[in-house]
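*Asks:* Sequence first, predicted model second:
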Amino acid sequence: MPLKPTKLIALSLALSLAVPTLSFAKAGGRSSSGSGSSSGGMTYGSEGSRGSRTYDNNSYRPIERSTTPQPTPSAAGPAPVAPQPVSQPSFFQRHPILTGLAAGFAGSWIGHMLFGANNSMANSDAKDSVEETGGNMGMLLLLVALGAAALYYFMRVRRQPSLAPTGPVLRRESASDLNVAAPESRSGFMTQQPDIATVASPQDETSFRDILVNVQTAWSKQNLEALKRVTTPEMLHYFSSALTENTSKDVENRVEDVTILKTETRESWTENAVDYATALLQWNARDYTVSLSKQRGEPGYVVDGSEATPVESTEAWTFMRYHGGKWLLSAIQQVE
């Protein structure tokens, strides 16, 4: 059974202390020491911004056009670091004080052997000197052998690596632990989880309905100033682009006689000083597109839709406001 490192060191220390003590009594004693949407008629899909939830899966068509940066894999956080084998520190590295004491005692004993033995031989007869020198040499050889064995043992232990994680310890956390939505419903690019809060009231839903009617009316009249008062700059840009496209095609989309059928707030939350709310809006309206180069009644005047028959539409509209401010349309998603 091999000796443990602590026992081996203890034995070496005992021998180092015992031999110089016996020799010091005969030689006179010398020592030394050491240590170490999309809105009606628009051809675009879902667009706008929903803050940090722009690219979340909220059961509606994902946002296709947005100025909000797309999430990147690196934004989700650093990849987990696989455990790497590391070498266990040696006994001497873990116990520098014992190592320093052992080195000090060994130095003391060697010094005694070199200088004490000479004094001993000078003050005694030749026979005693030869016997003492022979005994000291035998003990020195024994200690050298023990030191070599200890060195071999520690070198062998150091060559055996042990697996230990060098990266951060990862722990799976459920949605209930974090008190947030499940990971698949959250955006990968978020730097902070938004505060969940119910910020939309029945009065706010009335504002949502008014905004829908105002947007459709301004859209039909191609009134960008009116759209500017009820939309964010991003949504205004999309409406303006769509109107420009229709003008280039020499057509005009009209959404008239809007009747709200249903308003249901599905999400509401706050990010810093901005409130967001996503509402499912359902309405009836006469939604049709006409040719600007034709007169009413001429063949080809109605390009798309029906001038007389209303159609039902359902979309998810997201609104935003600064605390104390009014709601503005910030995103439109199609309902699939």
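*Replies:* Good, I have the coordinates.

*Asks:* Just the CA atoms of stretch 320-336, as PDB, please.
*Replies:* Coordinates of each C-alpha in stretch 320-336 appear next as PDB, following Å, rounded to 0.1, in the frame of the first residue of the first chain:
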ATOM      1  CA  MET A 320     -47.500  52.500 -27.800                       C
ATOM      2  CA  ARG A 321     -47.500  55.600 -25.600                       C
ATOM      3  CA  TYR A 322     -45.200  57.400 -23.200                       C
ATOM      4  CA  HIS A 323     -46.500  57.500 -19.600                       C
ATOM      5  CA  GLY A 324     -49.200  60.100 -19.500                       C
ATOM      6  CA  GLY A 325     -49.300  60.500 -23.300                       C
ATOM      7  CA  LYS A 326     -51.700  59.300 -26.000                       C
ATOM      8  CA  TRP A 327     -51.700  56.000 -27.800                       C
ATOM      9  CA  LEU A 328     -50.100  55.700 -31.300                       C
ATOM     10  CA  LEU A 329     -50.200  52.800 -33.700                       C
ATOM     11  CA  SER A 330     -46.800  51.200 -33.700                       C
ATOM     12  CA  ALA A 331     -47.300  47.800 -35.500                       C
ATOM     13  CA  ILE A 332     -49.800  45.800 -37.500                       C
ATOM     14  CA  GLN A 333     -49.800  42.000 -37.700                       C
ATOM     15  CA  GLN A 334     -51.900  39.800 -39.900                       C
ATOM     16  CA  VAL A 335     -54.100  37.100 -38.300                       C
ATOM     17  CA  GLU A 336     -53.300  33.700 -39.900                       C
END
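
*Asks:* Tell me where the chain has helices.
*Replies:* For the chain, the helices defined by DSSP state H occupy 5-27, 91-94, 96-111, 117-122, 126-158, 175-178, 202-220, 224-228, 233-248.

*Asks:* Can you name the residues bridging to S291?
*Replies:* V251 (DSSP bridges).

*Asks:* Oh, that last question was meant for F319, not what I typed.
*Replies:* Under the criterion DSSP bridges, F319 forms beta bridges with A277, L329.

*Asks:* On the pLDDT front, check it for me.
*Replies:* The per-residue pLDDT reported for F319 equals 97.
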